[in-house]
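A.B. asks: 3D, please:
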Amino acid sequence: MPELPEVETVRKGLQKRLKGFEIFQVKVFTERSIASEGGSDLFSSNLKGLTIGNWDRRGKYLLATLLKKDGLNQKKPFGHLVVHLRMTGYFQWIQQRKSPCKHTRVSFWNNKGSEIRFVDIRKFGQMWYIPSGKEPREVVNGLKRLGPEPFSKSFTAAYLKSCLSGRKRSIKSSLLDQSVVAGVGNIYADETLFAAGITPSRKSGDLKEIELNKLCKSLVSVITTSIGKGGTTFSDFRDLEGLSGNYGGQAWVYRRDRKPCRKCGTPIEKEKICGRSTHWCPNCQR
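C.D. replies: As a prediction, the model looks like this:
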């Protein structure tokens with residue numbers, strides 16, 4: 001599943017290509033891709049004639065401000081478009097008309113014939129139209145439950161200490177909990193714990209404040225590096241130009257089981273923790 005760095009890479013591409021994109025036509029190929037009330041028919045009719053403004057990201061969600069011309073021909077905010085890529089969703093930028101592939105779920109065209117195409121092999125990705133006067137978090141339940149962003153001022157060792165106090169579940173499980181910190185998934189949880197020198201199976205409530213401080217800094221560092229590399233090659237993720245990320249080749253532990261640790265040479269171990277494949281170095285992580 002695309003995690004924060006991949007979603008942020010997509011956001012940047014959408015901001016570059018689609019800011020000012022006036023929606024002339026919408027075609028929904030797969031009904032289940034539309035999660036907002038009224039289904040695909042209402043989704044399509046509401047979006048026609050609106051212009052896409054700025055793209056933002058919250059956790060793994062993409063949020064676009066929609067604009068509509070008023071009586072003075074000025075564009076004013078008029079609702080939002082929210083997207084979650086889920087496991088295999090991605091966008092394609094198409095400038096010349098061509099037939100959709102079998103995994104195309106939703107397409108948007110402007111009056112110049114340019115198309116933004118949402119492709120999703122597993123069909124888990126979802127879109128919402130949020131009408132004017134409502135906030136996305138009022139409609140999309142997943143947005144209500146999100147914890148702070150890793151880059152936010154509220155994501156601190158003190159916050160984690162308060163949040164994880166008394167918790168017996170593993171620190172790996174806590175990092176995957178979107179209500180604890182938004183946007184982290186399996187790849188970056190493993191990479192962050194390696195950078196912080198913390199064994200994934202450690203009980204969350206047992207971590208000392210100095211360890212939590214290192215965990216916060218490590219998460220920000222790992223995610224910053226991955227965003228700079230355009231995300232990871234480990235998932236089905238593609239950016240708008242069809243390129244996958246370059247972080248995967250630099251991973252320290254993720255999917256490197258039985259290979260030597262890049263720091264100490266000890267073979268990387270792999271085990272299921274909280275139902276997810278987890279990778280760590282038994283020498284570098286305590």
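A.B. asks: Surely V253 is in contact with F194?
C.D. replies: Yes - counting by Cβ atoms under 8 Å, F194 is a contact partner of V253 at 4.7 Å. All C-beta spots, glycine's among them, are computed from the backbone N, C-alpha and C.
A.B. asks: quick one: common contacting residues for these two?
C.D. replies: 279-281 (Cβ atoms under 8 Å, 6 or more residues apart in numbering).
A.B. asks: Just to check, K270 is in contact with K259?
C.D. replies: No - using Cβ under 8 Å, K270 is not in contact with K259, being 10.3 Å away.
A.B. asks: so who does R97 touch?
C.D. replies: Here R97 is in contact with 113, 115 (Cβ under 8 Å, 6+ apart).
A.B. asks: ok, the residue lying closest to F21 once chain neighbours are set aside - contacts?
C.D. replies: Closest residue to F21 apart from its sequence neighbours, by Cβ to Cβ, 6 or more residues apart in numbering: I52 at 4.6 Å. Residues near I52 by Cβ under 8 Å, 6+ apart: 18-23, 64-67, 81.
A.B. asks: Sort out which of these are in helices and list them.
C.D. replies: Counted as lying in helices by DSSP state H, out of those, are L18.
A.B. asks: All the helices of this structure, in order from the start?
C.D. replies: 4-18, 39-47, 136-139, 141-144, 157-164, 171-176, 186-196, 209-228.
A.B. asks: Those into TSV, with extra columns for distance to L85?
C.D. replies: Shown next, in TSV, are the helices of the chain (distance: least, Cβ to Cβ, whole Å):
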stretch	distance to L85
helix 4-18	7
helix 39-47	17
helix 136-139	16
helix 141-144	12
helix 157-164	26
helix 171-176	17
helix 186-196	14
helix 209-228	16
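A.B. asks: Tell me which of these sits nearest to R202.
C.D. replies: helix 171-176 (5.0 Å; Cβ to Cβ).
A.B. asks: on that earlier part again, so between K270 and K259, which is more surrounded?
C.D. replies: Each of K270 and K259 has its neighbours counted (other Cβ atoms under 10 Å); K270 has more, 17 against 12.
A.B. asks: T278 versus that one, what's the distance?
C.D. replies: 7 Å (Cβ to Cβ, to the nearest Å).
A.B. asks: which one among the contacts of I52 gets closest to G125?
C.D. replies: Among the contacts of I52, and counting by Cβ to Cβ, the member closest to G125 is L81, at 13.1 Å.
A.B. asks: Which strand residues bridge that closest one?
C.D. replies: Residues in a beta bridge with L81, per DSSP bridges, are A64, Y129.
A.B. asks: Grab the nearest non-local neighbour of G53.
C.D. replies: The shortest distance from G53 to any non-neighbouring residue, by Cβ to Cβ, 6+ apart, is to T65 (3.9 Å).
A.B. asks: Is that neighbour in contact with K76, as I believe?
C.D. replies: No - in this structure T65 lies outside contact range of K76 using Cβ under 8 Å: 10.3 Å.
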